[in-house]
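Undergrad: just a sequence and a predicted model for now, questions to come.
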Amino acid sequence: MKTGFLKIFAIALFCGLTACSSKAQEVQFQTSTVEEKSGNDELTYNIIYPVSGDETLVSRINAAIAPALVPSPLADEWKEGLSIQETVDWVKKNYFAAAKKERVEAEMDGDMFAYSFSAELKREESPKNVVTLALQSYDYLGGAHGTPFVGYFSFDTEKGEGILWSDIFSDEDGLLKKVKEQLAAENSDELLEMVEEYTEEFSLPEFPFVGFDKNGVILQYQAYEIGPYAIGSPTVHIPYADALPLMNDYGRRLCSK
């Protein structure tokens, strides 16, 4: 269901996140709340979006996050280049008609096929050189359950670039071991058993961005990535004390206060 988003995300990541900003500027954000309903279909946004600051950094934030705010019925129609707020406004105008059209084409009817999409985007308390935005969304197209997405998007305020976990960690073997340890420490034995049964070879997350908060760095798995739907989207928090020895010089610089 997120195929369109993943393709656009790859374009934004490799074509839009590499140019450097000449001077760091604090990015200013505004909030936007949307709560709309049409019949049994619902659309909800509770987000922040950049309104001023370094132009390169603002552009990178918009390019990375805007595609993730598009519900599945509109994924193939979204136009690259729309900002976060422009995307939300566009979805508001088109979501309910697209949901109805999709159900008619699929010959689905009844309350159980009601569609809904919700997204929450907030800022984490991160080191001074980093802006980290945390996104949670849920895309429901009827049936037993919908499609969740959780992602922590971080940006270097000096370079105006997105920050990937592969950018800051030099010891990937050590990182993989630490991720396993943190999963074991933060979750139940039952969850770990499901992960072991589900995965042939445990690996680091496919989602390339890394998060930062006041306590450490964050790596994010998506639903079905390392376990069945029942375990959700596992989030791995690694305290700075454990993460810093695994980092390169760039990663340690970003974490400096």
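TA: Alright, I've got the coordinates. In this text the structure is predicted, and so the values were computed from the model without any measurement.
Undergrad: now the longest helix seen in the chain: mean pLDDT?
TA: Ordering each helix of the chain by length in residues (DSSP state H) puts helix 84-105 first. For helix 84-105, the mean pLDDT works out to 94.
Undergrad: what of stretch 55-67?
TA: For stretch 55-67, the mean confidence score works out to 95.
Undergrad: what residue ranges in this structure are flagged as low confidence?
TA: Segments of the chain classed as low confidence (criterion: pLDDT under 70) are 1-25, 109-112, 257.
Undergrad: now do the helices in it.
TA: For the chain, applying DSSP H gives helices covering 3-16, 55-65, 84-105, 165-168, 172-186, 189-198, 240-243, 249-255.
Undergrad: what is the last one packed up against?
TA: If contacts are counted by 3 or more Cβ pairs under 8 Å, 6 or more residues apart in numbering; DSSP states H and E, helix 249-255 sits against helix 165-168, helix 240-243. For every residue, glycine as well, the C-beta is placed using N, CA and C.
Undergrad: mind putting those helices in a markdown table, distance to N46 included?
TA: Conversion of those to a markdown table gives the following (distance: least, Cβ to Cβ, whole Å):
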| stretch | distance to N46 |
| --- | --- |
| helix 165-168 | 27 |
| helix 240-243 | 29 |
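Undergrad: of these, which is nearest S203?
TA: With Cβ to Cβ as the measure, helix 165-168 is the member of the helices and strands packed on helix 249-255 nearest S203 (12.2 Å).
Undergrad: what about the closest one, distance to the chain center?
TA: A distance of 16 Å separates the centroid of the chain from that of helix 165-168, by Cα atoms, centre = their mean, to the nearest Å.
Undergrad: show residues contacting it.
TA: In this structure, residues lying in contact with helix 165-168 by Cβ atoms under 8 Å, 6 or more residues apart in numbering are 172, 175, 204-205, 208-210, 217, 219, 247-248, 250-251, 254.
Undergrad: repeat the analysis, applying 7 Å as the threshold.
TA: Under the criterion Cβ atoms under 7 Å, 6 or more residues apart in numbering, residues P208, V210, L219, M247, N248, Y250, G251, L254 lie in contact with helix 165-168.
Undergrad: got it, and stretch 90-97?
TA: Among residues not part of stretch 90-97, those counted as contacts by Cβ under 7 Å, 6+ apart are V34, E36, S38, D41, L43, V70, P71, P73, L74, L82, F117.
Undergrad: in it, what counts as buried?
TA: With burial defined by 16 or more other Cβ atoms under 10 Å, the residues of stretch 90-97 counted as buried are W90, V91, N94, Y95, F96.
Undergrad: and of those residues, the nearest to G146?
TA: Looking at those and their distance to G146, the nearest is Y95, at 14.4 Å (Cβ to Cβ).
Undergrad: against E107, how distant is the closest one?
TA: Shown here: Y95 relative to E107, a distance of 21 Å by Cβ to Cβ, to the nearest Å.
Undergrad: any idea which of the buried residues of stretch 90-97 is closest to V130?
TA: Distance ranking of the buried residues of stretch 90-97 against V130, using Cβ to Cβ, places V91 first at 28.2 Å.
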